[in-house]
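I need the structure of the sequence given here:
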Amino acid sequence: MRTRMFLPAVLCALTLSTCPAFAQTPMGSLQVSARIAPTGGHPEPVRQFTFYILTMSYDDILKQASAQFPLAPKDEFISNLKISAELKAWLKKHDVIDLMAPDVDKLITADDVMDIPEFMDAYMRSNGGGVTQGLPKPKYKDAEKESNPAKYDKLRQEYLSSLRHFIETHPATIGGMEVELDAINPKFAWDKAQQEHTQKVAQLAPELAQTKFMAVKGDTDLDGNLNVRGLPPGKYWVSSLGMFATSGDRRLAWDVPVAITAGQTAHAELSNLNGRDPASTHP
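Sure thing, here's the model as predicted:
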């Protein structure tokens, strides 16, 4: 009786041990070494620095975070400004967001001054009060607008016509009027919106990386090395999550891909060559 019961049990155990559902997947390992060479100096270990082994590139994680807190397109931003419709159209047409930027005044024509209320006001503040010789003066009076509207309209049109002609024949008088646009310059609000967007993404991305895409994290030792074991085969990224390690005048962040193979040890050497320095145009 005991023999009959033992044999089925042994067969069952053998079957379970060979079943794919119970087979153990071979793991891989990763050795990370991090070094920074300051300008004119020898490479130094990046000591006791935390690196994150991610299943997605941190650059792509930044894009996901940015999508969760989108920055309004420039045209949409301009449409929501509290300025005249004419100025909004001008900004979009010329792709201008900073009215005080160099050479912006060269984009402004006599027609722009005459047709855009903010430009007209700025031009008159810049050239009025006897500053510019020969500038036409209006002959109409506001009181005549109701008492003698025909005369008012005639004199006003004559003034506007002569003013347009003056601006066309004296284009240099447009130069300098951008200083008078400081109060309505949209650049300040645009910079603030971009700064808020950047700060929000900088907060969201590390949290997103650690909660959804982190396989493991660890700190380098005093020699700048980090050993990670037990990683399933696949593609990973060794990332500093946008944090910078420093040595002398160099500040570097990393987001370096590495492939893990079952039963093998992969190596990731982090250095100036594959680090990102915010002070440089090169990776």
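
hey, where'd the helices end up in this structure?
Using DSSP state H, the helices of the chain run over 2-18, 58-68, 74-79, 85-94, 110-115, 117-127, 144-147, 149-169, 187-212.

surely residue 92 meets residue 75?
Yes: under the contact definition of Cβ atoms under 8 Å, residue 92 touches residue 75, with a separation of 5.5 Å. C-beta: built from backbone N, CA, C; applies to glycine.

Find the nearest non-adjacent residue to residue 25, please.
Leaving aside its chain neighbours, residue 25 sits nearest to residue 232 (6.5 Å; criterion: Cβ to Cβ, 6 or more residues apart in numbering).

residue contacts, the residue nearest the centre of the chain?
The chain has residue 198 as the residue nearest its centroid, 5.9 Å off, counting by Cα atoms, centre = their mean. Under the criterion of Cβ atoms under 8 Å, 6 or more residues apart in numbering, residue 198 has no contact partners.

Distance-wise, check it relative to residue 133.
According to Cβ to Cβ, to the nearest Å, residue 198 and residue 133 sit 48 Å apart.

same question, residue 75
Remark: distance between residue 75 and residue 133 (Cβ to Cβ) = 40 Å.

quick one on the thing from earlier: tell me which of the helices of the chain sits most buried.
helix 117-127 (a mean of 19; mean count of other Cβ atoms under 10 Å).

Give me the pLDDT value at the closest residue to residue 107 other than its chain neighbours.
Once flanking residues are discounted, residue 107 sits nearest to residue 94: 5.3 Å by Cβ to Cβ, 6+ apart. pLDDT, residue 94: 96.

circling back to that earlier point, quick one: residues contacting the residue nearest to residue 25.
25, 27, 28, 260 are the contacts of residue 232 under Cβ under 8 Å, 6+ apart.

from what I can see the second one touches residue 261, true?
No: using Cβ under 8 Å, residue 27 and residue 261 do not qualify as a contacting pair, with a distance of 10.0 Å.

Which neighbours do the two have in common?
Residues within reach of residue 27 and of residue 261 at once, by Cβ under 8 Å, 6+ apart, are residue 233.

Burial check on residue 33, number of neighbours?
17 (other Cβ atoms under 10 Å).

Which residues are in contact with it?
224, 225, 226, 267, 268, 269, 270.

Return the residues in contact with residue 228.
Residues counted as contacts of residue 228 (Cβ under 8 Å, 6+ apart) are 29, 30, 31, 32, 53, 216, 218.

gap between the last one and residue 271?
Here the criterion is Cβ to Cβ. By it, residue 218 lies 19 Å from residue 271.

Also the fourth one?
With distances defined as Cβ to Cβ, the gap from residue 32 to residue 271 amounts to 11 Å.

leaving aside the residues next to it on the chain, what's closest to residue 97?
residue 190 (5.1 Å).

Do I have it right that residue 255 meets residue 237?
Yes: counting by Cβ under 8 Å, residue 255 touches residue 237, with 5.7 Å between them.

Find residues that contact each of the two.
Common neighbours of residue 255 and residue 237, counting by Cβ under 8 Å, 6+ apart, are 57, 58.

so what are the domain limits for the chain?
For the chain, automatic domain parsing gives the domain ranges 24-55+213-270, 82-185.

Low-confidence regions, the stretch 151-283 of the chain specifically.
Scanning the stretch 151-283 of the chain with the threshold set as pLDDT under 70 gives 279-283.

need the longest strand for this protein.
Secondary structure of the chain per DSSP state E: the longest strand is strand 28-36.

Given that strand, what are its sheet partners and their directions?
If you go by DSSP bridges, strand 28-36 pairs up with strand 44-45 (antiparallel), strand 225-231 (antiparallel), strand 265-270 (parallel).

how about those strands, which one is nearest residue 166?
strand 265-270 (65.2 Å; Cβ to Cβ).

can you tell me how far the residue nearest to residue 97 sits from residue 81?
According to Cβ to Cβ, residue 190 stands 9 Å off from residue 81.

Give the bridge partners for the nearest residue to residue 269 once chain neighbours are set aside, please.
Residue nearest to residue 269 in three dimensions, not counting chain neighbours: residue 33, with 5.3 Å by Cβ to Cβ, 6+ apart. In this entry, residue 33 is beta-bridged to residue 225, residue 269, by DSSP bridges.
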